[in-house]
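structure for the following, please:
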Amino acid sequence: MHSYSNHAVLPAGQTSGQCTFSVWSVKSPTVDLVLYESAEAYRAGRETKVVAMTPAERGWFTAEAEVGRDWLYMFRLADGKQYPDPRSAAQPLGVHGPSGLRTAPPDDLVPPSWHGVEYKDLIIYELHPAAFIGKKPVDKSYWAALAEKLEYIKDLGATAVEVMPVAESPGLSWGYDGVYIYAPTCVYGTPDELRAFVARAHELGLAVILDVVYNHFGPEGCYLGAISDYFDSRFTNPWGAAINYGGENSDPVRQYVTENAVYWIREFGFDGLRLDATDTITDMSGTHILAQISKAVHKYGKHNNRTTFVTAEDDDNYRIKIEPLSRNGYGLDGVWNIEFHHALHALVTGERSGLYEDFSVSERFKNPAEALLKAFVDGWLYDGVYRKRYKKTWGTNFDYIDPTRLIVYNQTHDQAGNCAESKRLGTKISPAAARFAAAVTILSPFVPLLFMGEEYGERNPFPFFTTFEDEGLKRAVRRGRQRDMEYMHQQKLPKVADPFDSKTFEQASLSWTSDVYDQRLQLYKDLIAVRKQTGVAGQSFKPYAQANGAGLLYFPTAKCETQPSILTWRWTVSGKDGFRQDNLTYIAVANVTTDPVPVPPDMFDNLLLTTESPVYGGSRTDETSAVLLPFEVVVRRRA
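As a prediction, the model looks like this:
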């Protein structure tokens, strides 16, 4: 195998030198390395140098050449067609043009003092690099502008920034149409500006997570299938032929992806990865590609005394994916729990059809509150039981697994963008319900994820946007988006926003204003502070003993039970770090209805927070009242 570490790279600060090039192609008996000394030379069709590459084992070809820093290159196959490098580090002239050389990162990219953020301490803030900023600044790149906003995220209390995909694609997009997975898109700035953004996050104590896509490649500018066996025609997924992780000639494909996972951490300083839609990956190998990626990332982190982690968007509810490698699992640190979202969404919006049918009034649950209770107690809601939407038994149990292995949220780019009119949750529900959703998410025992703008009540939608040049592809994407939205909602919908209209990106960008900005932002800051103070992360709410006549479940360290109108959870922590007293018990009580609910008169004793405080825009005027207001959440310390 030919490692990426010495491929097409010049040392930092070096303007010219000898470079080693390699490419894997089982579809051509010969390959030439075609070099251009400048972009002008390429546009004029003036080849500066052509080097016949030397065949090596298993379809690899290698060559060495003296090059300059700004030189470009392509690989020419025996049929005379030439293509960009599948492992290109830069595509300065676009996805159809030649590749640029890679610059090695500086030796002090990640200082020895940075060890990362412990996984259990993650509070994730998901953002899109361009939509977070809005209109591109005139005097700086998106990465530079984003670096200047990191203090805002730090002040919020988040401990990690999760960046939507940045692999090179035809232009400004959500990022899931990437075709050069080693090349950071030019849209946001230079590779060095990306490194500076990550470095600034580390200075502030923030981990940085990169969203990566290993289930498919974008349709425009993808020449992988013409170069070698990157696809397995035996299997398909929603984007077409599956990536070849287990068929003939799959070893170099597995290397291509596994090295890429480590590449983002080694070359740019990222701390972790979020793998997109891993439930759509097919791999029949003895070692699943997810396990191979996890092993490589954790090995790199351990060797460099850094906390590195791999999370995934995965809806299968298979515990093997989050079981450790030592127990023959895939070793993922965590997976997104979409079922928590669906139960919460159905409860606060009243939506009952389409995606939410299985989480409201169904064979499994009498109401969404019951579904949300099960999420708190059992993690996964469909854990080896029949699921109506898929007409089969779904999932496995979550027994004896740390709750922080699940990442929960009340909205993400998907939940906002992939719904009718791409509306954010806060625009569909009352302010009280929005405060409730925030509290239930942040004060859960799971790892919470926030989507940019929710913390201050952003009203702008987040519609899907992308860039293609091919008109046929554009028509297909428009039709596909309409079809997919109607399938998810199980109904005909108005025409969805045109992904290729520049106004769609403008609509998706943060306005940085709302009528509840200061109040909602303060609520989020205080909820995050309470989460950190009370140690709720990782608490287990498995009931195993029952007491008193109030219909509540009590047990030594935790409590979780629902009445028709109340969800209560309780946990105890022991002091370990000097900031907590020994054996403090905390209780959170949530009204899951739109009506006031009577509660014991001591409900507001030793109060830490109520979401209905006027400070947050709430309606509570008297903390001695023995009533929980609609969708109110109260957190207190037990005396």
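
what's the separation between residue 232 and residue 291?
Separation of residue 232 from residue 291 (CB to CB, to the nearest Å): 18 Å. Glycine gets a C-beta too; all of them are placed from N, C-alpha and C.

and for residue 283?
9 Å.

which residues does the nearest residue to residue 116 once chain neighbours are set aside contact?
Residue nearest to residue 116 in three dimensions, not counting chain neighbours: residue 307, with 3.3 Å by CB to CB, 6 or more residues apart in numbering. Counting by CB atoms under 8 Å, 6 or more residues apart in numbering, residue 307 makes contact with 115, 116, 117, 118, 119, 207, 271, 301.

just the ones of those residues in helices?
Counting by DSSP state H, the contacts of residue 307 place residue 301 in helices.

now the contacts of residue 307 in a markdown table, with distance to residue 493?
Formatted as a markdown table, these follow (distance: CB to CB, whole Å):
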| residue | distance to residue 493 |
| --- | --- |
| 115 | 48 |
| 116 | 43 |
| 117 | 40 |
| 118 | 43 |
| 119 | 39 |
| 207 | 38 |
| 271 | 39 |
| 301 | 44 |
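
now which of the contacts of residue 307 would you call buried?
With burial judged by 16 or more other CB atoms under 10 Å, the buried subset of the contacts of residue 307 is 116, 117, 119, 207, 271, 301.

state the distance from the residue nearest to residue 450 when sequence neighbours are not counted to residue 175.
Leaving out its chain neighbours, the residue that sits closest to residue 450 by CB to CB, 6+ apart is residue 125, at 5.2 Å. Counting by CB to CB, the gap between residue 125 and residue 175 amounts to 16 Å.

and the chain, what are its domains?
4-103, 122-213+271-508, 539-637 (automatic domain parsing).

in this structure, where is pLDDT below threshold?
Across the chain, the ranges flagged by pLDDT under 70 are 1-2, 4, 489-490, 542-564, 575-582.

ok, now how distant is the residue nearest to residue 116 from residue 56?
In terms of CB to CB, residue 307 sits 37 Å off from residue 56.

cool, residue 618 as well?
Residue 618 sits 68 Å away from residue 56, taking CB to CB as the criterion.

okay, the two: which has more neighbours?
Neighbours per residue, other CB atoms under 10 Å: of residue 618 and residue 56, the larger number sits with residue 618, 19 against 12.

so which strand or helix has the more buried one?
Under the criterion of DSSP states H and E, residue 618 resides outside all helices and strands.

measure it to residue 500 for me?
Taken as CB to CB, the span from residue 618 to residue 500 is 42 Å.

cool, and residue 73?
According to CB to CB, residue 73 stands 31 Å off from residue 500.

out of these two, which sits in the busier spot?
Using other CB under 10 Å as the criterion, residue 73 and residue 500 rank with residue 73 on top: 26 against 18.

now do the SS call for the spatially closest residue to the more buried one that is not a sequence neighbour.
Leaving aside its sequence neighbours, residue 73 sits nearest to residue 35 (CB to CB, 6+ apart; 5.0 Å). Assigned with DSSP: H, G, I helix; E, B strand; the rest coil, residue 35 falls in the strand class.

tell me if I'm right that residue 35 and residue 72 touch.
Yes - the pair residue 35 and residue 72 passes the contact test of CB atoms under 8 Å, sitting 7.4 Å apart.

could you pull out the helices for this structure?
Taking DSSP H as the test, the helices found in the chain are 39-43, 129-133, 142-156, 191-203, 224-227, 251-268, 289-303, 338-349, 368-378, 413-417, 431-442, 471-489, 502-508, 517-534.

next, the buried residues of the longest one.
To tie it back to what came earlier, the one meant is helix 471-489. By neighbour count on 16+ other CB under 10 Å, the buried set for helix 471-489 is 473, 474, 477, 478, 481, 485, 489.

ok, the residues you listed vs residue 597, which is closest?
residue 489 (31.6 Å; CB to CB).

that older thread, distance to residue 325 for the helices of the chain - can I get that in TSV?
TSV is the format used below for those (distance: least, CB to CB, whole Å):
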stretch	distance to residue 325
helix 39-43	45
helix 129-133	32
helix 142-156	32
helix 191-203	27
helix 224-227	29
helix 251-268	14
helix 289-303	6
helix 338-349	25
helix 368-378	25
helix 413-417	28
helix 431-442	30
helix 471-489	34
helix 502-508	38
helix 517-534	29
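
nearest to residue 212, out of these?
Nearest of the helices of the chain to residue 212, taken as CB to CB: helix 251-268 at 6.9 Å.

contacting residues around residue 214?
181, 243, 257, 260, 261, 275, 276, 278, 281, 289, 293.

the closest residue to residue 317 other than its chain neighbours: neighbour count?
Once flanking residues are discounted, residue 317 sits nearest to residue 395: 3.0 Å by CB to CB, 6+ apart. Residues lying near residue 395 (other CB under 10 Å) number 19.

re the thing from before, just the buried residues from the contacts of residue 214, in ChimeraX please.
A single ChimeraX command selects the buried members of the contacts of residue 214 (16+ other CB under 10 Å):
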select :181,243,257,260,261,275,276,278,281,289,293
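
between the contacts of residue 214, which is closest to residue 105?
Of all the contacts of residue 214, residue 260 has the smallest distance to residue 105: 15.2 Å, by CB to CB.

please name the residues that touch that closest one.
Contacts for residue 260 (CB under 8 Å, 6+ apart) come out as 4, 181, 182, 212, 214.

would you quantify the distance from it to residue 24?
14 Å.

same question, residue 304
Residue 304 is 28 Å from residue 24, where distance means CB to CB.

quick one: which of the two has more around it?
Taking other CB under 10 Å, residue 304 and residue 24 do not tie; residue 24 has more neighbours (25 against 15).

now do stretch 143-153: everything it contacts.
Here stretch 143-153 has contacts from 125, 127, 129, 132-133, 137, 161, 188-190, 193-194, 196-197, 200-201, 204, 206, using CB under 8 Å, 6+ apart.

buried ones among the residues you listed?
By neighbour count, with 16+ other CB under 10 Å, those hold 125, 127, 129, 132-133, 161, 188-189, 193-194, 196-197, 200-201, 206 as buried.

of the buried residues of helix 471-489, which pair is most distant in space?
Spatially, the most separated pair among the buried residues of helix 471-489 is 473 and 489, at 24.6 Å (CB to CB).

out of the domains of the chain, which is the most enclosed?
Scoring these by mean neighbour count under mean count of other CB atoms under 10 Å gives domain 122-213+271-508 as the most buried, with a mean of 20.

and it, end to end?
Domain 122-213+271-508 has an end-to-end distance of 26 Å (CA to CA, to the nearest Å).

again, but for stretch 354-362
From its first residue to its last, stretch 354-362 covers 12 Å (CA to CA).

same question for stretch 613-631.
Chord length of stretch 613-631, first to last residue, is 12 Å (CA to CA).

just to revisit the earlier point, tabulate the contacts of residue 260 (a markdown table), appending distance to residue 510.
Shown next, in a markdown table, are those (distance: CB to CB, whole Å):
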| residue | distance to residue 510 |
| --- | --- |
| 4 | 35 |
| 181 | 27 |
| 182 | 29 |
| 212 | 23 |
| 214 | 28 |
